[in-house]
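[1] return a 3D structure for these sequence lines:
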Amino acid sequence: MTRAINMHGHWSRPVLAALLLWLPLLAWAQPRAWLDRDRIAMGDTVTLNVESDQGAPDFTPLRTDFDLSGQTSSRQVEWSNGSMQQRNLYGVALTPRRSGALVVPGLQVGSVRTAPLTLQVDAAAVAGPDSNAMAFIETVVDDDTPYVQQSVGVVVRLYFASQLASGELVLDTPAGASLQRVGDDRTDVRQVNGRRYNVVERRFLLIPERSGALRLSGARFSGRSAGGFFDDFFGGGDGRMNATGADRTLQVQAQPAQAPQPWLPLQSLQLRYTSAPTSARTGEAANVVVEAVAEGATRAQFTDLPVPDAGNAAQVFAEPAQYEETFNGSTPRLKITRRYSIVPRQPGSLVVPGPRLPWWDVRNGKAQEAKLPDLTLAVAAGTGAATASPAALPPIDTAAALPGSDGQDARIAATDPRASGLSERPWPWMAAAIGLALLWLLTLLWGWQRGRRPRVAAPAAGTPSVPTVVSGRAGLAELRRALDGEGFDQVEARLCAMAGVERIEQVIARLDDPAQRQVLLDLQQARWGGQGELAPLRTRLREVFRDGPHWSVATGAAETGLAPLYPTRRT
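    Numbers count the residues shown, from 1 in each chain. Modelled structure (predicted):
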């Protein structure tokens, strides 16, 4: 019995010693996480450190309540209890997205997890222009009571009194709305309460998606200043600079039942003609340009300007609208320009209906309609039309064909050559017969001489012949019509027809004007190479082909088989 007890005591001491040696190693294998502070103000940054001898931690769970930045890692190697130990230290800067008691979740490190941590985030005091702070944020919303799907301009201005080395300005997207950054940041320098501030202005577009209260959280800024002697002397040596803007609550109104459709909520809408002709010609395009300026709208929200309906009196071709988006203060502004080509079909007076565009006035809360007056064009006959109409045939006298009518004598007089005296004067008929005989003899003589003349050799195979160029007012009018209202395929087809060739490359080779050749080359690159915009090219085409194509002079005369009119003088 005593022997068994001694043996038990003999084995327990080595086991106990081994356990004591392994306990530090087990403790070291467990990853450790800690914060450099457990209480911060909203807008400040806290550093989370993770120490482990395994792989890097997964920081993904932190993104729910924090913005991550400034990730670091380091490695240390040391000897402990006769063995080499390796430690990895990982760090990440956390910026809270909300105030209150936040839980830093446990992180997965290899096959184990760290323990969760608690961080108390106090609501930050919102600094304003009167606080004389190093940095503050100003937020301007152009409408506090917008309608659903109304474009609301939001302008965020960051004021900072020191030069920045780095920083980040964030405005979170509120629930129940879309938020989009618009344009580039603008910089400025302003004096506020006698202190000089640098200003960064950033613009956003907010579109509410449902009615009710919409909470827009204040913008947040976190950065570091470049520093300087006075900053270090007066306590700004850490370089950190934080600012938080005030929260805003918007009351979003539902779409009114009596609102026109499609739903277009705007602050204002103005229409005007920038080009309005008063006359036109049949078959030729008269250009009308309409401009619309909408306050409180974006390109994605605004519908295209309507195409006027001239009925059967004219064809109307509309070009794609041109858009220009800007800001008027804190309000988005959109300018739309659209060009229409009116091609009358018949002469006379042509009435082109003016555009009408219904919209909802968000300032006064009522339906409005922007409209322009109708255009009246005096349409004359086109240059390709006949200048004189054929003489009208005399009406048939049906009474003269009735039996027993007096018109029988008149019919006899009209058909009997003796009544007109032609049978008494046969000399005109004889002269005409003699003239025809002489012409016949001259034709025989010309054919006999042409048969005796040696034939001119036909052009060799492979030698290009000079195609016939189609010219004239009709061809130029059709080219202008294609440039004004038809597609680029029709424009190229019309130029090929005028040049008498099949491909546009042959047209380019035949042109003598460098500007005309270059615009056609640019058109080919824009259509098939994806280089450049098509809309400006139509304007260039109209300009360079205003008076028609300028063809190069042919290097050789076309072979017709006839002798030259003026032979070369021999010396």
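
[2] so where's the stretch 101-250 of the chain shaky on pLDDT?
    Within the stretch 101-250 of the chain, the segments meeting pLDDT under 70 span 227-238.

[3] can you map out the helices along it?
    Using DSSP state H, counting those that start in this stretch, the helices of the stretch 101-250 of the chain run over 229-233.

[4] ditto for the chain
    Taking DSSP state H, the helices of the chain run over residues 2-29, 229-233, 407-415, 417-420, 427-452, 473-485, 488-499, 504-510, 514-528, 535-544.

[5] Ala246 contacts Val141, doesn't it?
    No: when contacts are counted by C-beta atoms under 8 Å, Ala246 is not listed as touching Val141 (11.1 Å). The way it works is simple: take the backbone N, C-alpha and C, and place the C-beta from them, glycine included.

[6] and the residue nearest the centre of the chain, what does it touch?
    Against the mean C-alpha coordinate of the chain, by C-alpha atoms, centre = their mean, the closest residue is Tyr323 at 7.5 Å. Residues counted as contacts of Tyr323 (C-beta atoms under 8 Å, 6 or more residues apart in numbering) are Arg299, Leu334, Lys335, Ile336.

[7] of those, buried ones?
    Among those, those scoring as buried are Leu334, Ile336 (criterion: 16 or more other C-beta atoms under 10 Å).

[8] in a markdown table, list the contacts of Tyr323 along with pLDDT and distance to Ile504.
    As requested, these are arranged in a markdown table below (pLDDT from 0 to 100; distance: C-beta to C-beta, whole Å):
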| residue | pLDDT | distance to Ile504 |
| --- | --- | --- |
| Arg299 | 84 | 33 |
| Leu334 | 92 | 37 |
| Lys335 | 93 | 35 |
| Ile336 | 93 | 32 |
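
[9] out of the contacts of Tyr323, the closest to Thr145 would be?
    Leu334 (21.4 Å; C-beta to C-beta).

[10] and the closest one, how far is that from Glu291?
    For Leu334, the distance to Glu291 (C-beta to C-beta, to the nearest Å) stands at 11 Å.

[11] so who does Pro306 touch?
    Contacts for Pro306 (C-beta under 8 Å, 6+ apart) come out as Pro355, Arg356, Leu357.

[12] can you rerun that using 10 Å?
    By C-beta atoms under 10 Å, 6 or more residues apart in numbering, the residues touching Pro306 are Val290, Ala318, Arg338, Pro353, Gly354, Pro355, Arg356, Leu357.

[13] now Asp44
    Arg37, Leu94, Thr95, Pro96, Val121, Asp122, Ala124, Ser222, Arg240, Asn242, Thr244.

[14] what separation do you get for the fourth one and Leu479?
    Applying C-beta to C-beta, one obtains 68 Å for the distance of Pro96 from Leu479.

[15] then the third one?
    With distances taken as C-beta to C-beta, Thr95 is found 64 Å from Leu479.

[16] follow-up on the earlier one: looking at Pro96 and Leu479, which is more packed in?
    More crowded of Pro96 and Leu479, by other C-beta atoms under 10 Å: Pro96, with 23 against 20.

[17] what bridges to Ile137?
    Per DSSP bridges, the residues bridged to Ile137 are Leu158.

[18] just checking, it touches Met241?
    No: using C-beta atoms under 10 Å, Ile137 is not in contact with Met241; the gap is 11.7 Å.

[19] thinking again about what came up before, from the contacts of Asp44, list the buried ones, please.
    Among the contacts of Asp44, those classed as buried by neighbour count (16+ other C-beta under 10 Å) are Leu94, Thr95, Pro96, Val121, Ala124, Ser222, Asn242, Thr244.
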